[in-house]
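Asker: Compute the structure for the input listed below.
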Amino acid sequence: MRRLIALSVALLLAMSSLYAREYRQDILLEKGWKFTREDGDFTSKNHDDSAWQEVTVPHDWAIYGPFDANNDAQVVAIEQNFERRASLKTGRTGGLPYVGVGWYRTQFDVPDYKAGKQVQLLFDGAMSQAKVYVNEQFVGEWPYGYNSFHFDVTPYLNADGQDNVLAVRLENLPESSRWYPGAGLYRNVHLVVTNQSYIPIWGTQVITPEVSEKAATVDLKISLVGAKRVRTVIRDASGKKVAVRCGSKKAEDGRRVQKLKIRKPKLWTPETPDLYYAVTSVYKGFKKVDEYTTRFGVRSIELIADKGFFLNGKVRKFQGVCNHHDLGPLGSAINVAALRRQLTMLKEMGCDAIRTSHNMPAPELVSLCDEMGFMMMLEPFDEWDVAKCRNGYHLFFDEWAEKDMVNMLHQYRNAPSIVCWSIGNEVPSQCRESGYETAKFLMDICKREDPTRFITCGMDQVLCVLRNGLAGLLDVPGLNYRVHLYQQAYDQLSHKLVLGSETASTISSRGVYKFPVQITNRVYHKDLQCSSYDLEYCSWSNLPDLDFRMAEDYDWEIGQFVWTGFDYLGEPTPYNLMPNHSSNFGIIDLASIPKDRYYLYRSVWRPDVETLHVLPHWTWPGREGEVTPVFVYTNYPAAELFINGKSQGIQTKRNDTDQTRYRLMWNDVVYEPGEVKVVAFDKDGKAVAEKVVRTAGEPHHLELKVDRQTIAADGKDLAYVTISMVDKDGNLCPSDGSLVSFSTEGEAGRYRASANGDPTCLDLFHLPQMHLFNGMLTAIVQSEEIPGQVTLTASAPGVESGQITIEVK
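Answerer: Take a look at the predicted model:
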């Protein structure tokens, strides 16, 4: 049924786009770009760029490396981590060459151009300090690399609209980010063509002030240029007309306002992400001159003191994650298939919310969250007017903050997935006198442009913001960690609600287990890894179990956003020196392979779906006779553990400690090679599931599994292939680090990149080889614009190769 609805939506959008082309065109400028890392005056129409690199946009110039500690070496004290002395940090932005200047040039034609046409360039994001030129003329600039922006380029076009030259200069300063920001035109560039009478980009606003299962009121506010008459038809996802309104009234702000009603609306929730489409036609006299489609959802949100967050009148808690914007081995260059894979894995885990930390997201992410059912907290800033990074956003805040906020709010205010705005993250000014005034300034912009969503801020200096009033100013206080202060915040604040805006920061490396097993926030191991027993965390943070307990025990705690859903490039805590160049915080590693922690969250967040996960692996040559604890993450209340058929006893979840409440742990198991079996019991004591893990033999062959057997022939779609080293019986060889080489056969696809999840591995992602990390890695195959097949072959010394064939249609 969901697939049928998705096809109906695609058909509806295609038909709407086809009919609207007469009035408005949105053309992606993807191909035909030239790129250089040199600097100079490259704005001339006649400049010879034939020696420049040919690239397709979106493009991230830095992801191709090489890794080098000198790319981002800096001597700093990370104050939010309680550091008081500056020390050398490398790998903080991934050890990749994002610093410096890049130029892009392309030529574009305006289809059917004639007098009376209006042409704009829309950039979804450009990293960073963009300066835009058309036909040698300076059009405009936009410093912030994460925001979308647009310019009217009509005055700069050639008279016939043909052979226009677009040049874009970008520059990333050193010490301008705390994580890998990417570099270049890493998001899409659009050419938007309309008539002279039109609805501007982001020119509509949908509000649903009254929502019930019987009916929903829809207020549509429309900005118009050169016209006054409008007609709007609202259709559901199947294309059925559900409301229509001719005519409008003029509001005080000059916009036109229409009121419509949808009877028996399908309400948007993460479980039922139903969408509607308001198609607005604009008339000049009796002639139709524009058509603009606004996608929205019908839903209500409310915060009630002591009771929590309500969606459509029903209380729910956020089961969210924070994510940075990079896509692992693909870098920051946006790709819908990669985003969809991330969201699919998170949905399977039970996640229902995303915090865009700490910047405006790509529009494709918001669109997917609308469609797939994720609530969102959009967060534009990691800095206000006081620096975290020497060349960070504080340099631009005074002049650009309001412009950046308005663009973000206008662009995303119709997205049903977005339920709150976060105005900042752990900003240094939160404890300064100016912090309150800055927060109020940003909140006032939110309330002015979008009064329908609540406002928070990620704050880590909890005692400070409780004293100075900043926490009380917000609609709900967002507390980063400091779970021991939640109760104090609840007691002191009139909201009687607390949001875990950033939680856990548990650290682990997939497939790595350290002995003896212990809970610790003082982590250092000689191999520069972290233990996947999921008991290691940072000095400022905590283990997941404490956050689970707070959510379960207190109605006024409205949920959490875990740091982080996926590992990301940069911020290699706790080591902060190369070769470490990516995070350890992720529930899922940089190769999109779940860590053990994934199943812990799944067992709690999806209690009605079977989860039965055993750790660690059971191949430990040299540990015979040594204590090797076994943990089980399961939604079931109890389980029995067997080692080579001998029972190790039954463990039952109990409230003795946070860990025993959510994990089943056999802490005294002595290792002997062979078989580990776990039998899970339901609440009635009935055996309902079992899981077996065996000691692996010698590496025998490479096993390939693909996430999608068929991908689209659009030149962008991706297939993720998980490659494992296994023994002759198919058991994972969990310590294998062989170098795997890749080749493809067939014109329908190509090797794109690979990653292994090892935060210390400096293999370049784009080269057709990668070392296994603890027996596994992921290779990514990208489609061409040719239907057919592509076969990926993976080979390693001394073992049988593996192959998989992917259909491209």
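
Asker: How about the contacts made by the residue nearest to the spatial centre of the chain?
Answerer: The C-alpha lying nearest the average C-alpha coordinate of the chain belongs to residue 323 (C-alpha atoms, centre = their mean; 4.6 Å). Applying C-beta atoms under 8 Å, 6 or more residues apart in numbering, one finds that residue 323 lies in contact with 342, 354, 355, 356, 357, 564, 565, 566, 568. Backbone N, C-alpha and C define where each C-beta goes, glycine included.

Asker: So which of those sit within helices?
Answerer: With helices defined by DSSP state H, the entries of the contacts of residue 323 inside them are residue 342.

Asker: Could you save the contacts of residue 323 as CSV and add columns showing neighbour count, pLDDT and distance to residue 307?
Answerer: Conversion of the contacts of residue 323 to CSV gives the following (neighbours: other C-beta atoms under 10 Å; pLDDT from 0 to 100; distance: C-beta to C-beta, whole Å):
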residue, neighbour count, pLDDT, distance to residue 307
342, 21, 98, 32
354, 28, 98, 24
355, 30, 98, 22
356, 25, 98, 27
357, 24, 96, 27
564, 23, 97, 29
565, 26, 98, 28
566, 23, 98, 32
568, 23, 98, 35
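
Asker: Of the contacts of residue 323, which belong to strands?
Answerer: Among the contacts of residue 323, the subset assigned to strands under DSSP state E consists of 354, 355, 356.

Asker: so, if you compare these, which one comes nearest to residue 79?
Answerer: Each of those was scored against residue 79 by C-beta to C-beta, and residue 355 proved nearest at 21.5 Å.

Asker: which residues does the closest one bridge with?
Answerer: Note on residue 355: beta-bridge partners by DSSP bridges are residue 322, residue 377.

Asker: next one: residue 171
Answerer: residue 101.

Asker: For it, which residues are in contact?
Answerer: When the contact criterion is C-beta under 8 Å, 6+ apart, the partners of residue 171 are 100, 101, 102, 128, 129.

Asker: The first one contacts residue 36, doesn't it?
Answerer: Translated: residue 100. No - with contacts defined as C-beta atoms under 8 Å, residue 100 does not count as touching residue 36, sitting 11.1 Å away.

Asker: can you give me the strands in the stretch 101-250 of the chain?
Answerer: Using DSSP state E, counting those that start in this stretch, the strands of the stretch 101-250 of the chain run over residues 117-123, 130-134, 137-142, 149-152, 164-172, 189-195, 204-211, 215-222, 229-236, 241-246, 249-250.

Asker: Quick check: buried residues in stretch 787-803?
Answerer: Residues of stretch 787-803 classed as buried: 790, 792, 793, 794, 795, 796, 799, 802 (neighbour count, 16 or more other C-beta atoms under 10 Å).

Asker: just checking, residue 491 is part of a strand?
Answerer: No - Residue 491: not assigned to a strand; according to DSSP: H, G, I helix; E, B strand; the rest coil it is helix.

Asker: Mark which of the contacts of residue 171 are buried, thanks.
Answerer: For the contacts of residue 171, a burial check counting by 16+ other C-beta under 10 Å picks out 100, 102, 128, 129.

Asker: The last one and residue 401, how far apart?
Answerer: Think residue 129. From residue 129 across to residue 401, the span is 16 Å (C-beta to C-beta, to the nearest Å).

Asker: Equivalent analysis for residue 310, please.
Answerer: Distance from residue 310 to residue 401, counting by C-beta to C-beta: 31 Å.

Asker: which one of the two has more residues nearby?
Answerer: When residue 310 is set against residue 401 and neighbours are counted by other C-beta atoms under 10 Å, the residue ahead is residue 401, at 22 against 15.

Asker: in the helix or strand hosting that one, what's buried?
Answerer: Counting by DSSP states H and E, the secondary-structure element that holds residue 401 is helix 397-412. Residues of helix 397-412 classed as buried by neighbour count (16+ other C-beta under 10 Å): 397, 400, 401, 404, 405, 407, 408, 409, 410, 411, 412.

Asker: In the strand or helix carrying residue 751, which residues are buried?
Answerer: Using DSSP H and E, the secondary-structure element containing residue 751 is strand 749-755. Residues 749, 751, 752, 753, 754, 755 are the ones in strand 749-755 that count as buried (16+ other C-beta under 10 Å).

Asker: The fifth one pairs with what?
Answerer: Pointing back at residue 754 there. residue 779.

Asker: Now do the same contact list for it.
Answerer: For residue 754, the residues meeting the contact criterion (C-beta under 8 Å, 6+ apart) are 329, 591, 740, 742, 765, 768, 769, 770, 777, 778, 779, 780.

Asker: Recalculate using a threshold of 10 Å.
Answerer: 328-329, 591, 720-721, 723, 740, 742, 763-771, 777-780, 794 (C-beta atoms under 10 Å, 6 or more residues apart in numbering).

Asker: How about the first one?
Answerer: By C-beta under 10 Å, 6+ apart, the residues touching residue 749 are 711, 713, 715, 717-719, 781-784, 786, 788-792, 805-808.

Asker: For beta bridges, what are the partners of it?
Answerer: When bridges are assigned using DSSP bridges, the partners listed for residue 749 are residue 783.

Asker: circling back to that earlier point, will you turn the buried residues of stretch 787-803 into JSON lines that also has secondary structure and distance to residue 387?
Answerer: As requested, the buried residues of stretch 787-803 are arranged in JSON lines below (DSSP: H, G, I helix; E, B strand; the rest coil; distance: C-beta to C-beta, whole Å):
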{"residue": "790", "secondary structure": "strand", "distance to residue 387": "48"}
{"residue": "792", "secondary structure": "strand", "distance to residue 387": "46"}
{"residue": "793", "secondary structure": "strand", "distance to residue 387": "50"}
{"residue": "794", "secondary structure": "strand", "distance to residue 387": "46"}
{"residue": "795", "secondary structure": "strand", "distance to residue 387": "49"}
{"residue": "796", "secondary structure": "coil", "distance to residue 387": "47"}
{"residue": "799", "secondary structure": "coil", "distance to residue 387": "52"}
{"residue": "802", "secondary structure": "strand", "distance to residue 387": "50"}
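
Asker: Kindly reformat those as JSON lines containing pLDDT.
Answerer: What follows is the buried residues of stretch 787-803, written out as JSON lines (pLDDT from 0 to 100):
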{"residue": "790", "pLDDT": "98"}
{"residue": "792", "pLDDT": "98"}
{"residue": "793", "pLDDT": "98"}
{"residue": "794", "pLDDT": "98"}
{"residue": "795", "pLDDT": "98"}
{"residue": "796", "pLDDT": "98"}
{"residue": "799", "pLDDT": "98"}
{"residue": "802", "pLDDT": "98"}
